[in-house]
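Engineer: Attaching a predicted model along with its sequence, questions to come.
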Amino acid sequence: MPRILTYNVHRCVGVDRRLDVERVADVIAEFEPDIVCLQELDVGRARTGHVDQAHTLASLLGMRSHFHPALQVEEELYGDAILTALPERRIKASALPTVSGIPGLEPRGAVWIEVMIDGAPLQVINTHLGLVPQEQRRQAQALAGPDWLAHPQCRGATVLVGDLNCTSISRPYGVLAARLADAQRRASLPRTIKTFPSALPTLRIDHCFVSEGISIRSIQAPFHPLARMASDHLPLVVDFDLNSASG
């Protein structure tokens, strides 16, 4: 039974304002995920001690990383990554559209790899959308379009995860839900799993979408003290099965 974990790690700075990459690794390692999708990673940035957080977390977890820098300032990078120890290959990593004329917007992007699970391919896309509804809509439409989910190589079992910065009643969510199924809804959970803010989660903005051919076993967001302190988000952990026809 494969397990995927998506986690906005807030550059490994916890709600106690302490930078601690190993603490984030400990939160992840507890669940022994097969695939780890991370948002808000610093790589070589002065504010976090010039550490390559994607590589360091992958090393601590015994995995390989595929990092995409949504933002680059000279040698300093900031973005998202997918980590796994399973056989994999990188398909695509690139920027998502933004809007002009709004000061302070961060560039956004996505990274897509193909992972082999017991000989069957799984397409995994990790993303982090913007904060403004207009840019969120453009970014969701791009992900649903021919460069990503409608790309010829994106066939068979597919998972899209990430921090969408929007809830399930928003238009960007609806754009993606028209292409893939919300894992929480497919699982028919008695209550929704919320992940933000970590101290007392009231919002469901970290999402997992799945294609046909994927059955959801369980979904959880740990609420113990370590997870509540390590980042301002809780990780979302999803157990699933690949149906025999999904490949």
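Structural biologist: On my side now, so go ahead.

Engineer: Centre-most residue in this protein?
Structural biologist: Centroid check for the chain by Cα atoms, centre = their mean gives G162 as the closest residue, at 3.1 Å.

Engineer: That one: helix or strand, and which one exactly?
Structural biologist: Per DSSP states H and E, G162 falls inside strand 158-163.

Engineer: Could you point out the helix or strand that follows that strand?
Structural biologist: The C-terminal neighbour of strand 158-163 among helices and strands, as given by DSSP H and E, is helix 171-177.

Engineer: Now the particular helix or strand that has Q123 in it - C-alpha only, CSV.
Structural biologist: Here Q123, judged by DSSP H and E, is contained in strand 120-128. Extracted C-alpha coordinates of strand 120-128, given in CSV (Å, rounded to 0.1, in the frame of the first residue of the first chain):
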residue,chain,number,x,y,z
ALA,A,120,3.2,0.3,-12.5
PRO,A,121,3.8,4.0,-13.3
LEU,A,122,2.3,6.7,-11.2
GLN,A,123,2.4,10.4,-12.3
VAL,A,124,3.0,12.7,-9.3
ILE,A,125,2.6,16.5,-9.6
ASN,A,126,3.5,18.8,-6.6
THR,A,127,2.5,22.5,-6.6
HIS,A,128,2.1,25.6,-4.5
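
Engineer: so where's this protein uncertain?
Structural biologist: The chain contains residues with pLDDT under 70 at 244-247.

Engineer: where exactly do the strands run in it?
Structural biologist: 3-8, 35-43, 64-73, 76-84, 88-96, 108-117, 120-128, 158-163, 181-182, 206-210, 214-220, 236-242 (DSSP state E).

Engineer: elements contacting the longest helix seen in the chain?
Structural biologist: Scanning the chain for the helix with the most residues, using DSSP state H, yields helix 133-144. Judged by 3 or more Cβ pairs under 8 Å, 6 or more residues apart in numbering; DSSP states H and E, the packing partners of helix 133-144 are strand 88-96, strand 108-117, strand 120-128, helix 171-177. For every residue, glycine as well, the C-beta is placed using N, CA and C.

Engineer: and the residue nearest to the centre of the chain, what are its bridge partners?
Structural biologist: T127, H207 (DSSP bridges).

Engineer: how close does it get to H207?
Structural biologist: G162 is 7 Å from H207, where distance means Cβ to Cβ, to the nearest Å.

Engineer: Then V175?
Structural biologist: Between V175 and H207 the computed distance is 12 Å (Cβ to Cβ).

Engineer: same deal with V15?
Structural biologist: With Cβ to Cβ as the criterion, V15 and H207 are 22 Å apart.

Engineer: before we move on, back to that, next, the contact list for the residue nearest to the centre of the chain, please.
Structural biologist: Applying Cβ atoms under 8 Å, 6 or more residues apart in numbering, we find G162 in contact with T6, C37, Q39, D80, A110, I125, N126, T127, H128, L129, D206, H207.

Engineer: S215 bridge partners, please.
Structural biologist: In beta-bridge terms (that is, DSSP bridges), S215 pairs with D241.

Engineer: do you know how far it is from P2?
Structural biologist: Per Cβ to Cβ, S215 is found 11 Å from P2.

Engineer: Give me the more crowded residue out of those two.
Structural biologist: Higher neighbour count among S215 and P2: P2, with 21 against 15, using other Cβ atoms under 10 Å.

Engineer: just checking, that one touches L242?
Structural biologist: Yes: counting by Cβ atoms under 8 Å, P2 touches L242, with 7.1 Å between them.

Engineer: shared neighbours of these two, anything?
Structural biologist: Counting by Cβ under 8 Å, 6+ apart, the shared contacts of P2 and L242 are I117, L122.
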